[in-house]
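J.: coordinates for the following, if possible.
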Amino acid sequence: MPANLRARWVISAIFLANGMGYGLWAAHVPILRDALGLTESALSLILMLVAVGALLGMPVSGWLGGRIGTHRATQIFLPLALVSVVLPILLAVFLPETAPRLTLVAISAILFGLGNGALDVAMNAQASTVEKALGYPMLSSCHGFFSLGGLLGAGLGGGLILIDFGRGEGMAAVLFVALVLLTLPARHLLPAAAEAETKKKFPFTGAVFALGALAFGCFMVEGAVADWSALLLTIVLPPGASVGWAAAGYTAYSLAMACCRFAGDRIVGRFGPVRTLAASGIAIAAGLLIAVTAPVLVVGAGGFVLVGLGAANVVPVLFRASANLPGISPSAGVAAAASLGYAGFLIGPPLIGWGAAHSSLNLALGALAVMGLALLAGRRLVMRA
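T.: Next up, the predicted model:
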């Protein structure tokens with residue numbers, strides 16, 4: 001198999017594993033809350049620490065990728081990301097009550113954010129390099145694999161909780177297997193010599209900031225759905241139903257997003273990026289409003305399906321536009337926009353927690369519908385880019 005094609009499948013598998021970690025995390029957030037007896041406000045502080053860790057990890061990843069290549073940076077941050085995502089759950093559940101559980105969970109949340117924020121930047125920069133080497137678009141499919149991983153992770157997480165194996169030990173076993181399967185193939189990512197352009201200083205121009213701001217809004221929605229959808233749907237669970245069923249919202253969201261992302265390159269090719277972003281913004285806003293006003297579980301899950309369809313191709317379209325900005329190398333443009341965008345993925349959830357503490361979770365999540373309208377208003381930025 002040619003080296004470029006082999007690298008494509010390896011980086012796709014890494015996106016898959018990273019998405020699986022987030023899906024498992026999303027399904028286990030209620031377990032973390034119940035184990036520590038956290039209020040929504042306290043839980044939002046834990047999620048804020050995840051965001052702090054990510055904001056620390058992103059520039060480290062950008063610097064390290066420039067020094068040793070994003071292929072090696074991805075190899076370094078992959079095990080850190082997959083191990084750290086399960087630590088807060090294990091510490092919350094298995095540490096004795098006499099131990100400083102909250103402090104240790106807070107430290108592990110920072111580590112979780114650092115590892116995953118660093119891996120997000122490294123693997124997207126590496127995917128941009130692979131796409132350039134292949135000579136045809138594949139960013140949408142990479143994000144499709146991330147969404148497929150989220151689907152698998154949420155489904156596995158909900159299933160593990162239903163069979164009473166959801167205290168973190170099952171999550172750890174799944175991620176350990178993923179890490180073992182990826183360690184050797186990760187050596188086939190494209191080397192630093194193939195991505196010399198990414199070693200330039202990140203070009204934070206006005207165009208990159210504008211595209212990054214749109215990505216920030218979309219990622220804020222994605223992060224909020226990952227961390228808060230299960231808790232939202234516990235409100236409409238039938239009496240006596242297991243909390244594992246609340247993962248149905250994120251599972252449905254991930255399934256819709258994965259299917260739409262795998263078709264993303266064809267969708268954008270047929271309708272163009274401007275119409276794609278307009279339709280995406282409308283779908284995100286409508287889906288969120290349906291989810292937060294749903295009277296029953298199936299309607300809430302249906303709202304998250306619409307959000308997934310809307311959000312599916314926003315980030316690949318924005319990253320591709322960043323890669324085509326005049327005077328900026330493709331890899332540097334994508335990496336700069338990704339650094340801005342992924343901040344929204346991690347800052348959004350704690351902001352939702354803060355809003356829920358001061359109003360309600362339904363109102364806080366519903367307010368994110370404005371992000372869909374922002375995509376509708378800013379869609380022509382992509383055409384100008």
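J.: what about residue 98, neighbour count?
T.: Using other Cβ atoms under 10 Å, residue 98 has 6 neighbouring residues. Backbone N, C-alpha and C define where each C-beta goes, glycine included.
J.: phi first, then psi, for the nearest residue to residue 131 once chain neighbours are set aside.
T.: Nearest non-adjacent residue to residue 131, counting by Cβ to Cβ, 6 or more residues apart in numbering: residue 138, 5.1 Å away. The phi and psi values for residue 138, taken as degrees, to the nearest 10, are phi -150, psi 10.
J.: pretty sure residue 138 sits against residue 130.
T.: Yes. At 7.0 Å, residue 138 and residue 130 qualify as touching, with contact defined as Cβ atoms under 8 Å.
J.: these two: who's more crowded?
T.: Neighbours were counted for residue 138 and for residue 130 using other Cβ under 10 Å; residue 130 has more, 28 against 19.
J.: and after the helix or strand where the more buried one lies, which helix or strand comes next?
T.: Element membership of residue 130, judged by DSSP states H and E, is helix 101-134. As assigned by DSSP H and E, the chain's next helix or strand after helix 101-134 is helix 139-162.
J.: who are the neighbours in contact with the residue nearest to residue 131?
T.: Counting by Cβ atoms under 8 Å, 6 or more residues apart in numbering, residue 138 touches 8, 127, 130-131, 265.
J.: name the nearest of the residues you listed relative to residue 244.
T.: If you rank the contacts of residue 138 by distance to residue 244 using Cβ to Cβ, residue 127 comes first, at 32.7 Å.
J.: nearest spatial neighbour of that closest one, chain-adjacent residues omitted?
T.: The shortest distance from residue 127 to any non-neighbouring residue, by Cβ to Cβ, 6+ apart, is to residue 142 (4.8 Å).
J.: report pLDDT for the one you found.
T.: We have a pLDDT of 90 for residue 142.
J.: touching, it and residue 126? I think so.
T.: No. Residue 142 lies out of contact with residue 126 (Cβ under 8 Å); the separation is 9.6 Å.
J.: hang on, the earlier thing: shared neighbours, residue 138 and residue 130?
T.: Here residue 138 and residue 130 share the contacting residues residue 8, scored by Cβ under 8 Å, 6+ apart.
J.: returning to that earlier point: any idea how far the residue nearest to residue 131 lies from residue 328?
T.: Shown here: residue 138 relative to residue 328, a distance of 20 Å by Cβ to Cβ, to the nearest Å.
J.: could you do residue 215 as well?
T.: Relative to residue 328, residue 215 is positioned 16 Å away (criterion: Cβ to Cβ).
J.: rewinding a little: and the pLDDT at the residue nearest to residue 131?
T.: Looking at residue 138, its pLDDT reads 83.
J.: against residue 324, how distant is it?
T.: 15 Å.
J.: what distance do you get for residue 81 to residue 113?
T.: Going from residue 81 to residue 113 by Cβ to Cβ gives 10 Å.
J.: what ranges does the protein have for its strands?
T.: With strands called from DSSP state E, the chain shows none.
J.: where does pLDDT dip in it?
T.: 192-204, 238, 240-241, 323, 329-332, 334-335, 382-385 (pLDDT under 70).
J.: check which residues of the helix holding residue 130 are buried.
T.: Neighbour counts over helix 101-134 (16 or more other Cβ atoms under 10 Å) mark 101-102, 105-133 as buried.
J.: now that helix against helix 139-162, angle please.
T.: 150 degrees (axes from the mean of the first three to the mean of the last three Cα atoms, to 10 degrees).
J.: helix 101-134: how far from the chain's middle?
T.: Distance of helix 101-134 from its chain centroid, counting by Cα atoms, centre = their mean, to the nearest Å, is 10 Å.
J.: packing partners of that helix?
T.: helix 3-36, helix 40-68, helix 70-84, helix 87-94, helix 139-162, helix 314-323, helix 330-358 (3 or more Cβ pairs under 8 Å, 6 or more residues apart in numbering; DSSP states H and E).
J.: can you put those in CSV and add mean neighbour count and distance to residue 245?
T.: Shown next, in CSV, are those (neighbours: other Cβ atoms under 10 Å; distance: least, Cβ to Cβ, whole Å):
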stretch, mean neighbour count, distance to residue 245
helix 3-36, 23, 11
helix 40-68, 20, 20
helix 70-84, 23, 26
helix 87-94, 21, 19
helix 139-162, 25, 7
helix 314-323, 27, 29
helix 330-358, 24, 21
